[in-house]
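1. Next one to model:
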Amino acid sequence: MIVSITGMITLFFFKNTWNPKGPSGKMIPVTSPREENRIFHPLGLSFIAPPNWDSNLIMKYHQDVPRLSVAPRNRLMIRYQRANFNCMQINQPEQEELSKSQQVQFQGFPAFERMYVWRKDSFDAPPCSIYCLLVNRNGQWWRITYEIGKETTTLPSIMREYFDTIRFPPLSKEVV
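-> Down below sits the predicted model:
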């Protein structure tokens, strides 16, 4: 009886902490981007993922629009993502969304950025803050987001290094 109870507790602990893909990733990376962690979309979009972060897209469902998304590797049974990094092509954003953002430059293109607390910490859900960067790349719009499981309105500086690794697919007029 004691052996079976100990075995069940051990199995529960092991299943909730172990991930066959490898160690868990950190919510905020502590190392600079490394080229060997670059993730590619078949349509030409790519970026470097932080260490121990994995793509969470099923590519066969995302072949028509360039989109990449990665998140820290977690325990197997977790309810909420601790962080998420996403880049995708979008239609032109609404003027209201742009007006809430600050105008900046990103890789030489006009962009709009904003970071806000989307959900405060509560009894049944952890906090969530979102950094959103909207890039107008010669009329082609891109939304780049970083969600983090804490209340903050400041983007961690290391994440800018990861944003800078984004390589957009060539525009049709650039391909000759």
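2. now the helices for this protein?
-> Ranges of helices within the chain are 2-17, 95-99, 157-163, based on DSSP state H.
3. Check residue 147 and give its pLDDT.
-> Note on residue 147: pLDDT of 89.
4. How about the contacts made by the closest residue to it other than its chain neighbours?
-> Once flanking residues are discounted, residue 147 sits nearest to residue 84: 4.4 Å by CB to CB, 6 or more residues apart in numbering. Heads up, the C-betas are built off the backbone N, CA and C, glycines and all. By CB atoms under 8 Å, 6 or more residues apart in numbering, the residues touching residue 84 are 56, 69-71, 145-147.
5. now with 7 Å?
-> Contacts for residue 84 (CB atoms under 7 Å, 6 or more residues apart in numbering) come out as 69, 71, 147.
6. what pairs with the closest residue to the first one other than its chain neighbours across the strands?
-> What it means is residue 69. If the residues on either side of it in the chain are set aside, residue 69 comes closest to residue 86, at 4.3 Å by CB to CB, 6+ apart. In this entry, residue 86 is beta-bridged to residue 69, residue 145, by DSSP bridges.
7. circling back to that earlier point, just give me the lowest mean pLDDT stretch among the helices of the chain.
-> Sorting the helices of the chain by mean pLDDT places helix 2-17 lowest, at a mean of 54.
8. What's the end-to-end length of stretch 147-163?
-> Counting by CA to CA, to the nearest Å, you get 13 Å between the two ends of stretch 147-163.
9. Thanks a lot, catch you later.
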